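S.K.: Kindly generate the corresponding structure for this input.
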Amino acid sequence: MGQQAIDVFRSCIPLLQALSDPARQDIILLLAEHDHLTVNEITEHSTLSRPAISHHLKILRDNQLVTIEQKGTQRLYSLALEPSVGLLKQLIHTVESTCDL
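M.R.: The predicted structure follows:
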């Protein structure tokens, strides 16, 4: 496997780790059903505490899976999947072109 393929795989590790957590998967699916939600609104749909939800949102934000919009005193979280989907598409393309499928 070439260095380019290895580099693509390595660049996907943080994203795949972020997506591997069931709590973060639940948050992504919840945000997919709404335009935007606050931490408190997300917490209402979860068994996790508000600090735990905030922690997971930070990981999602660090991996460009959600964005924050400040409206007054509220921070609204929304899905922002384009960068991550692009990276995953690049991984799939690399695997398809490198491996005999």
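
S.K.: Find the centremost residue of the protein, please.
M.R.: Centroid-nearest residue in the chain: residue 65, 3.4 Å away (criterion: Cα atoms, centre = their mean).

S.K.: Run through the residues that contact it.
M.R.: Neighbouring residues of residue 65 by Cβ atoms under 8 Å, 6 or more residues apart in numbering: 15, 18, 19, 24, 28, 79, 80, 81, 84. Placement of C-beta: from N, CA and C, glycine included.

S.K.: any low-confidence regions in the chain?
M.R.: 1, 100-101 (pLDDT under 70).

S.K.: which helices and strands does the helix or strand containing residue 97 pack with?
M.R.: Assessed by DSSP states H and E, residue 97 sits inside helix 82-98. The helices and strands touching helix 82-98, judged by 3 or more Cβ pairs under 8 Å, 6 or more residues apart in numbering; DSSP states H and E, are helix 3-19.

S.K.: Name only those of the contacts of residue 65 that count as buried.
M.R.: Buried members of the contacts of residue 65, counted by 16 or more other Cβ atoms under 10 Å: 15, 18, 19, 24, 28, 79, 80, 84.

S.K.: Just name the closest of those to residue 61, please.
M.R.: residue 80 (8.8 Å; Cβ to Cβ).

S.K.: Residues in contact with the helix or strand containing residue 25: which ones?
M.R.: Per DSSP H and E: residue 25 is located in helix 22-32. Under the criterion Cβ under 8 Å, 6+ apart, residues 18-19, 37, 42, 45-46, 48, 52-53, 56-57, 59-60, 65-66, 77-79 lie in contact with helix 22-32.

S.K.: now the angle from that helix to helix 3-19?
M.R.: Relative orientation of helix 22-32 versus helix 3-19 (axes from the mean of the first three to the mean of the last three Cα atoms, to 10 degrees): 80 degrees.

S.K.: Tell me which helix or strand comes right after helix 22-32.
M.R.: Scanning forward in sequence from helix 22-32 by DSSP H and E, the next helix or strand is helix 39-44.

S.K.: and that next one, what other elements does it pack with?
M.R.: Applying 3+ Cβ pairs under 8 Å, 6+ apart, one finds that helix 39-44 contacts helix 22-32, helix 50-62, strand 74-79.
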